[in-house]
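*Asks:* what follows is a protein structure lacking sequence information:
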C-alpha cells in the first residue's frame, strides 16, 4: 500500500515555492489517492496537472498500481487547515459547534489557536416594543467546532 506520508512529503516538496498549499491527502485501501490543494486566489487547473505529474513521477506503477486525483478544495467544503480560515477572513461562514449549535456570520479573524465570528442576533431591549439587531463576536477554539464552511451569497 502506498504510504500517505510519502504523498504528503512529495506534495509539500513540490508546493514549497508555490502559492498553492496542501489541504488534505486521502489514500484508500485500494490505492486510490486524492490530493486536495488550495490557493488564496483560487487553484488553476494547470497547477493540478503539474502536481499530478510530479507525484506520478515519484511513484512506481510496476511496484504498486494506483489511481491519482489532484483537485482543488470544493467551494462549500469544510475548512481543514488554519490557512483556509485566514483566506476567508471577512467573509460569510457557517459554523457547526460540537454542542450542535449552527451559526452564520462573518469570520473576523483567526489565530493558530482559535477564530472569531461576528453573528447578528435579534434582541428585544428592556422596555422596547421591537427587537433590534445586535452584532456579537464569538471566539471558538478549532477543536470546539465540527466544521466551518464558506457561505455562498447570490
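*Replies:* Noted; the coordinates are in hand. On a predicted model such as this, the values are computed, not experimentally measured, just so you know. Residues are numbered from 1 along each chain as shown.
*Asks:* could you look up the SS state of the residue sitting nearest the centre point of the chain?
*Replies:* Geometric centre of the chain, nearest residue: residue 79, 2.5 Å, by Cα atoms, centre = their mean. Here residue 79 is recorded as coil under DSSP: H, G, I helix; E, B strand; the rest coil.
*Asks:* list phi and psi for the closest residue to it other than its chain neighbours.
*Replies:* Nearest in space to residue 79, with sequence neighbours left out and distances taken as Cβ to Cβ, 6 or more residues apart in numbering, is residue 148 at 4.8 Å. In this view, the C-beta of every residue, glycine as well, is placed from N, C-alpha and C. Main-chain torsions, residue 148, degrees, to the nearest 10: phi -130, psi 130.
*Asks:* neighbours of residue 148, how many?
*Replies:* 23 (other Cβ atoms under 10 Å).
*Asks:* what is it paired to in the beta sheet?
*Replies:* Per DSSP bridges, the residues bridged to residue 148 are residue 95.
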